[in-house]
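S.K.: Next come a sequence and a model predicted from it.
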Number of protein chains: 2
Amino acid sequence: MMIISTVKLPEECKRLIPVKDEGITEDDIRNAEIIMLWPSQAREILPKAEKVKIIQTFSAGVDDFPFELLKKDQLLYSNAGAYSISVAEHAFALILALAKGVGVKKRVETYPLNNSTILILGAGGIGSEVAKIAKLGFNMYVIGVSRSFKGTYYDEKYSLKDLEKVIGRADVIVDTLPLNKETRGILNYSVLSKVKEKCIIVNVGRAETVVEDDIYRILKEKPGVRFGTDVFWRVNGKENFSTSKLWELENFTGTPHIAGATANERVLKNALIQACKNVYRILNEGEGENKVKIEDYI
Amino acid sequence: MMIISTVKLPEECKRLIPVKDEGITEDDIRNAEIIMLWPSQAREILPKAEKVKIIQTFSAGVDDFPFELLKKDQLLYSNAGAYSISVAEHAFALILALAKGVGVKKRVETYPLNNSTILILGAGGIGSEVAKIAKLGFNMYVIGVSRSFKGTYYDEKYSLKDLEKVIGRADVIVDTLPLNKETRGILNYSVLSKVKEKCIIVNVGRAETVVEDDIYRILKEKPGVRFGTDVFWRVNGKENFSTSKLWELENFTGTPHIAGATANERVLKNALIQACKNVYRILNEGEGENKVKIEDYI
């Protein structure tokens, strides 16, 4: 069983699975049955990988995976959950910076978190960590809106279809959604116009789940609403962190997509190990976690 | 029993204690046995208050109270703990903004909170709330350094004398200390020089517990250290929020003393009610909470 990785892996991985992660040749790619990679590398590698049956991504999201290259008998596994704690901490960094006016350099009204209501969009790995911090750390009432639920810290659970019904109850909204056919643009003007006058909205999922023009309009119309995001809208494949017009607004803050592993070696290492553990599971149990539902994307 | 308040109090207070809080005359001040006020008002009011036995402040800190005006038989009670949850949330706003680079507008290394060690200076109302959020919300190992301890979320407890011995173990340091003879300048160069290369230090206590020149020097010498404060050093009685030279540094952020009640009506209202509850306790049980130890200050 030939397993290759496009990324040099930590020693812990080598003890789990037999994987070649250095000096990969064209022959290695041709013969590999399992390939571990970032989605951005798939377009180059997949066409040469004649025998590959299983693709394991290092990323949690697979929205930029070239699904059209995937053959019927090939399975795709994402690394969902690998960055959950880091991203959930990041969500609270944005929430609290907005709530307490950190970085504003003048006196602003502070928003208390204690006893307030948080609405979490997407109750997967990140969402469940956000719920835990909200409930145990900040004594918040936790409402989840999701397709399926991980974790135990939700006071109320709804499906994505009910979003418009519950969004007006939230003091804080955290978007942890993956980007797929169902979630693209889910936070549009019609939905966003129902938020409270003093609501904090934070996005650590994918930018395109929010309509940029619509959140801009809401922030103009309701100056008490505050929005923070770690993820930006892709323009020619690149996130528009520095060029987004949201930066004009006082009730906005952002970070350049650093909630996950890009900005911390320890987080990256743990994510690589989680991907290896999943491949180990596939090898030993025949099935891993986070098998991607292709029909969500194409 | 004449009780007066310099601040208009919420209705909830009036149901607890008989207090005059509007149209206070010179006669009222002369006859009052209990006076509720901000420390900054004491210099004007105390000399006229011939019968006052008990002074209850609305503030948590009493470092700017004119102790020299206090007579031997007069008792001073602070409002310690009244702002604890709000200030503890603020501490995490500063910690997380520094840890995740919120407001920096470029990619910085992020610092994980999960599994890291937090050192809390002062284990009173604020400290115990910080400990709770750290332990339950962010899975941190919690070390407290204090004279006495409130709360149950400390993994290790030390006295202030042991500060130099434990400070080097901390990934995050939160200063919640009141300002008194013992704490003034406790974070000086000698102590600060022992912190980790990548340590986050946050002050939500009183600015003067830190030596401004010394923290400036540490931030220059160790660029991986990040410092955030809500409290600034008093120059002619006014905090130097906008003029502190710390703003020159990239590894610094601050807010203009808004962690407590100044920036949120709900927090202020709760603080006023807590002060009233303490006066109620004094009236009914003969003793309230947070009796100030005068010898700590003069």
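M.R.: Nice, I can see it. Numbering: from 1, shown residues only, chains lettered A, B, ... in the order given.

S.K.: So the residue of the stretch 51-200 of chain A found nearest chain B, which state does it fall into?
M.R.: Nearest residue of the stretch 51-200 of chain A to chain B, counting by Cβ to the nearest Cβ: residue A:137, 2.0 Å away. Any C-beta I mention is one placed from the backbone N, CA and C, and that applies to glycine too. Of the three states, residue A:137 takes helix under DSSP: H, G, I helix; E, B strand; the rest coil.

S.K.: How about it, nearest residue that isn't a chain neighbour?
M.R.: Leaving aside its sequence neighbours, residue A:137 sits nearest to residue B:137 (Cβ to Cβ, 6 or more residues apart in numbering or on different chains; 2.0 Å).

S.K.: Below-threshold pLDDT in the stretch 101-250 of chain A: ranges please.
M.R.: Within the stretch 101-250 of chain A, no stretch has pLDDT under 70.

S.K.: Spell out which parts of it neighbour chain B.
M.R.: Selection of the stretch 101-250 of chain A residues close to chain B by Cβ under 8 Å from any Cβ of the partner chain yields A:101-114, A:132-133, A:136-138, A:228, A:242.

S.K.: same thing but 10 Å
M.R.: A:101-115, A:129, A:132-139, A:228, A:230, A:241-242, A:247 (Cβ under 10 Å from any Cβ of the partner chain).

S.K.: follow-up on the earlier one: and the residue nearest to residue A:137, what is it in contact with?
M.R.: Residue B:137 makes contact with A:88-89, A:92, A:132-139, B:92, B:113-114, according to Cβ atoms under 10 Å, 6 or more residues apart in numbering or on different chains.

S.K.: so which pair among these is furthest apart in space?
M.R.: Maximum pairwise distance in those, criterion Cβ to Cβ, is 19.5 Å, between A:139 and B:114.

S.K.: Buried residues, the host helix or strand of residue A:213. List them.
M.R.: For residue A:213, the host element (DSSP states H and E) is helix A:212-221. Residues A:212, A:214-216, A:218-219 are the ones in helix A:212-221 that count as buried (16 or more other Cβ atoms under 10 Å in any protein chain shown).

S.K.: before we move on, what about stretch A:33-46?
M.R.: Those would be A:34-37, A:39, A:42, A:45-46, for stretch A:33-46 by 16+ other Cβ under 10 Å.

S.K.: and which of those is nearest to residue B:97?
M.R.: Comparing these against residue B:97 with Cβ to Cβ places residue A:39 closest, at 30.3 Å.

S.K.: separation between the closest one and residue A:272?
M.R.: 15 Å (Cβ to Cβ, to the nearest Å).

S.K.: which residues sit in contact with residue A:101?
M.R.: If you count contacts by Cβ under 10 Å, 6+ apart, then residue A:101 has A:107-111, A:226, B:90, B:93, B:255-256, B:258, B:263 around it.

S.K.: Show the buried residues in those residues.
M.R.: A:108, A:110-111, A:226, B:90, B:93, B:255-256, B:258, B:263.

S.K.: Just the mean pLDDT for the top helix by length along chain A, thanks.
M.R.: In terms of residue count, the longest helix belonging to chain A (DSSP state H) is helix A:265-285. The average pLDDT for helix A:265-285 rounds to 95.

S.K.: Is that helix positioned near chain B?
M.R.: Yes: counting by Cβ under 10 Å from any Cβ, chain B is contacted by helix A:265-285 at A:265-267, A:270.

S.K.: what ranges do the helices span in the stretch 101-250 of chain A?
M.R.: In the stretch 101-250 of chain A, the helices defined using DSSP state H, counting those that start in this stretch lie at A:125-132, A:138, A:163-166, A:189-192, A:212-221.

S.K.: what does the longest one contact?
M.R.: The contact list for helix A:212-221 (Cβ under 10 Å, 6+ apart) reads A:185, A:187-195, A:197, A:199, A:201, A:203, A:207, A:210-211, A:225-227, A:229, A:232-233, A:240, A:244-246, A:248-252.

S.K.: that older thread, chain center to the helix holding residue A:213: distance?
M.R.: 22 Å (Cα atoms, centre = their mean, to the nearest Å).

S.K.: Dump that helix to CSV, keeping only the CA atoms.
M.R.: Taking C-alpha atoms only, helix A:212-221 is exported to CSV below (Å, rounded to 0.1, in the frame of the first residue of the first chain):
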residue,chain,number,x,y,z
GLU,A,212,-20.1,41.0,1.4
ASP,A,213,-22.3,43.8,0.0
ASP,A,214,-25.1,42.8,2.3
ILE,A,215,-23.1,42.8,5.6
TYR,A,216,-21.6,46.1,4.5
ARG,A,217,-25.1,47.5,4.1
ILE,A,218,-26.2,46.2,7.5
LEU,A,219,-23.2,47.7,9.3
LYS,A,220,-24.0,51.0,7.7
GLU,A,221,-27.7,50.8,8.6
